[in-house]
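sequence unknown, structure follows:
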């Protein structure tokens, strides 16, 4: 492990994958499970405590935009992914064995072959999508009880939003308050929203382009961002202050995820196809 706050440099685990890593997810109850979405549409689940065993899932036909594990209100752990093919997929892992992970149903949000999902996040009540055509909206999370295996469901839209002007780079709910979410734009701005209000609550200007964002699990006023120069930075939303944590000399950060089981562990994926598992505080 490397202590990023103190500029450590030792990496505990490094995985080589078949394509560029586009997103990462850590399991909420099993700290050893990491999911990686790839540019070629492949979804990998790796058990870092079992000789780095992996399974590959073909849930998307185009790059995976986002993947995450989520504990629903009924305490069921589900795996949710979103892709450039326009689909949001929901699946589950049977018997705690990664090889028994299966897709249950899908939402069609984009237009297959034309408009894909660029950014995505999910909460108990809503999921957020930013499409490649520049539109951003929230949708209800919920299904009927009698669904067929791998059924495609209609996504019920809640609200669209104003205030952003350029392509959205990142979108994420606050872990401490799921009615609040944040987006970043290509012009380095950070916008804070309430899911029920059309206009942003706050706008923060960052000095560098943000390639990835990860909200603190413990403090709703702190976010961690990966910047275009490979730097990991902490941003305080109350005043816009930034603290540089560490710069990766040969790593362009494209995916980040904090481990919900061990909150001082962060997984970082690079455009070079590498995954780093490190301490950050």
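Nice, thanks for sending it over. What you see is a predicted model; the values in this text were computed from it and never measured.

My guess is residue 278 contacts residue 265. True?
Yes: using C-beta atoms under 8 Å, residue 278 is in contact with residue 265, at 7.2 Å. To be clear about C-beta, it is placed using only N, CA and C from the backbone, and glycine gets the same treatment.

mind showing which ranges of the stretch 101-250 of the chain have poor pLDDT?
Across the stretch 101-250 of the chain, the ranges flagged by pLDDT under 70 are 142-146, 249-250.

Pull out the buried residues from stretch 87-97.
Across stretch 87-97, burial judged by 16 or more other C-beta atoms under 10 Å covers 87, 88, 89, 90, 91, 93.

now the fourth one: how far from residue 238?
Distance of residue 90 to residue 238, given as C-beta to C-beta, to the nearest Å: 35 Å.

what's stretch 179-187 in contact with?
Residues outside stretch 179-187 that contact it (C-beta atoms under 8 Å, 6 or more residues apart in numbering) are 119, 121, 128, 130, 136, 164-174, 190-196, 201, 206, 209-210, 213, 215, 220, 223, 225, 237.

Weed out the non-buried ones from those.
Among the contacts of stretch 179-187, those classed as buried by 16+ other C-beta under 10 Å are 119, 121, 128, 130, 136, 164, 168-174, 190-193, 195, 206, 209-210, 213, 215, 223, 225, 237.

Show me where the stretch 151-281 of the chain has its strands.
For the stretch 151-281 of the chain, the strands defined by DSSP state E, counting those that start in this stretch cover 151-154, 157-160, 168-173, 180-185, 189-194, 202-205, 210-215, 222-227, 231-236, 242-247, 253-258, 265-270, 274-279.

Let me have those in JSON lines, extended by distance to residue 73.
Converted to JSON lines, those look like this (distance: least, C-beta to C-beta, whole Å):
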{"stretch": "strand 151-154", "distance to residue 73": "18"}
{"stretch": "strand 157-160", "distance to residue 73": "17"}
{"stretch": "strand 168-173", "distance to residue 73": "15"}
{"stretch": "strand 180-185", "distance to residue 73": "19"}
{"stretch": "strand 189-194", "distance to residue 73": "21"}
{"stretch": "strand 202-205", "distance to residue 73": "29"}
{"stretch": "strand 210-215", "distance to residue 73": "20"}
{"stretch": "strand 222-227", "distance to residue 73": "25"}
{"stretch": "strand 231-236", "distance to residue 73": "30"}
{"stretch": "strand 242-247", "distance to residue 73": "34"}
{"stretch": "strand 253-258", "distance to residue 73": "22"}
{"stretch": "strand 265-270", "distance to residue 73": "26"}
{"stretch": "strand 274-279", "distance to residue 73": "30"}
